[in-house]
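Engineer: coordinates for the following, if possible.
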Amino acid sequence: MPTFTALTTLAGRAPAGALGEAMERLDPEPQGVAVIEVEDGTGTWEVGGYFTEAPDETDLAVLAMAFGAKPFIISELPETDWVAKVRRELVPVTAGRFFVYGGHDADKVPEGSVPLLIEAAMAFGTGHHATTQGCLRALDRLLNEGARPQSVADIGCGTAVLAMGAAKELEAEIYASDLDAVAVEVAEANLAVNGLAGRVTCLEAAGFDHPDLRAAAPFELVFANILKGPLLDLVGDMADSVKPGGWVILSGILNTQADEVSDAYTMRGFAPVSREEIGEWTTLVLQRRPESG
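Structural biologist: Sure thing, here's the model as predicted:
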């Protein structure tokens, strides 16, 4: 089955979101719409739709004009067995004690490691990205230093690989949330195949905006592997949702953005603990000061 993409860019979160909603009403209807901030500091957003039949170019041109976006670029993608492609390209990853792998590499799990199985068909948000590796390595260091948080939240969890790492090593109450309902389903499926069904509560939520998360807060450890913009938007909620002495592990941050994010959290009562660069991405660990309020 052919796949078509239609991509454009425009300025501002609100118009980008409105354009994404308008695209969902097109005929033919897109199979999915993505609205993503371009992390270059310019305030540019990318809006894209994915179609199984060619989209109407006139309709897209009208939408672009209506929302002040650049003309859509429409492309037809070649037919590809994406699961087979992912299996070929995703090699196992070691991140401290954690070993992230696909089922096709089950025979390669090292003795003594903490295995985290992510199937190829569920390969978005796996430990193969530098940001997720950085978060797992940060968790490994905290555990090596004797940290044993009893309450954990994985905000923007994707496949919940970070929540799974915590569940494998901690006797803790653990929550995983994502604003994408499909990601929540994938998270629950991954927990099941890793023998962790029932160990993590998975929720559809933007940030901490869910009654169960608010009731469970404050947490002793929070992961947020998202992007600079959402991390800055969440700093107030983080201050309210992390116990004094608790940690945050933040990623999805370009190296050039790390100081800005660290400074914002420092101003809200967090003390920098560590930072690690893997390629162009930085992972930050900060601890909420006991005296912060």
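
Engineer: tell me the domain ranges of the chain?
Structural biologist: 3-77, 125-288 (automatic domain parsing).

Engineer: model confidence over the longest one, on average?
Structural biologist: Mean pLDDT, taken over the full extent of domain 125-288, equals 93.

Engineer: got it, and the first one?
Structural biologist: Averaging pLDDT along domain 3-77 yields 89.

Engineer: okay, how far is it across it, tip to tip?
Structural biologist: By CA to CA, to the nearest Å, the extent of domain 3-77 from end to end equals 5 Å.

Engineer: could you report the neighbour count for Ala192?
Structural biologist: Other residues near Ala192 number 11, with proximity taken as other CB atoms under 10 Å. For glycine as for every other residue, the C-beta is placed from the backbone atoms N, C-alpha and C.

Engineer: brain fart, Leu63
Structural biologist: Residues near Leu63, counting by other CB under 10 Å: 20.

Engineer: now Ala22
Structural biologist: Neighbour tally, Ala22, other CB under 10 Å: 16.

Engineer: that one - nearest residue in space that isn't next to it in sequence?
Structural biologist: Leu63 (5.6 Å; CB to CB, 6 or more residues apart in numbering).

Engineer: is it true that that neighbour touches Pro71?
Structural biologist: No. With contact defined as CB atoms under 8 Å, Leu63 does not reach Pro71; the gap is 10.3 Å.

Engineer: in the lengthiest strand in the chain, what's buried?
Structural biologist: Counting by DSSP state E, the longest strand found in the chain is strand 242-254. By neighbour count on 16 or more other CB atoms under 10 Å, the buried set for strand 242-254 is 242-243, 246-254.

Engineer: also stretch 94-104?
Structural biologist: 95-102.

Engineer: just to revisit the earlier point, for the longest strand of the chain, packing partners?
Structural biologist: helix 130-144, strand 219-225, helix 228-233, helix 258-267, strand 270-278, strand 281-288 (3 or more CB pairs under 8 Å, 6 or more residues apart in numbering; DSSP states H and E).

Engineer: ok, now with 6 Å
Structural biologist: helix 130-144, strand 219-225, strand 281-288 (3 or more CB pairs under 6 Å, 6 or more residues apart in numbering; DSSP states H and E).

Engineer: could you tell me how far that strand lies from the centre of the chain?
Structural biologist: 14 Å (CA atoms, centre = their mean, to the nearest Å).

Engineer: next: stretch 274-291.
Structural biologist: 16 Å.

Engineer: for stretch 48-57, same thing?
Structural biologist: Centre to centre, stretch against its chain (CA atoms, centre = their mean), the figure for stretch 48-57 is 26 Å.

Engineer: what's the span of that stretch from first residue to last?
Structural biologist: Per CA to CA, the first residue of stretch 48-57 is 14 Å away from its last.

Engineer: among the buried residues of stretch 94-104, name the ones in strands.
Structural biologist: Going by DSSP E, the strands hold 95, 98-101 from the buried residues of stretch 94-104.

Engineer: now Tyr67. Nearest residue, chain neighbours left out?
Structural biologist: One thing to correct before we go on: residue 67 is Phe, not Tyr. Closest to Phe67 by CB to CB, 6+ apart is Leu19, at 4.3 Å.

Engineer: surely the one you found touches Glu46?
Structural biologist: No. In this structure Leu19 lies outside contact range of Glu46 using CB atoms under 6 Å: 10.5 Å.

Engineer: compare the two (neighbour count), which wins?
Structural biologist: The neighbour comparison of Leu19 against Glu46 (other CB under 10 Å) goes to Leu19, with 23 against 15.

Engineer: what helix or strand is the more buried one located in?
Structural biologist: Using DSSP states H and E, Leu19 maps to helix 13-23.

Engineer: what is that helix packed up against?
Structural biologist: strand 32-37, strand 44-51, helix 57-67.

Engineer: buried deepest among these, which one?
Structural biologist: For these, the largest average neighbour count (mean count of other CB atoms under 10 Å) is found in strand 44-51, namely a mean of 20.
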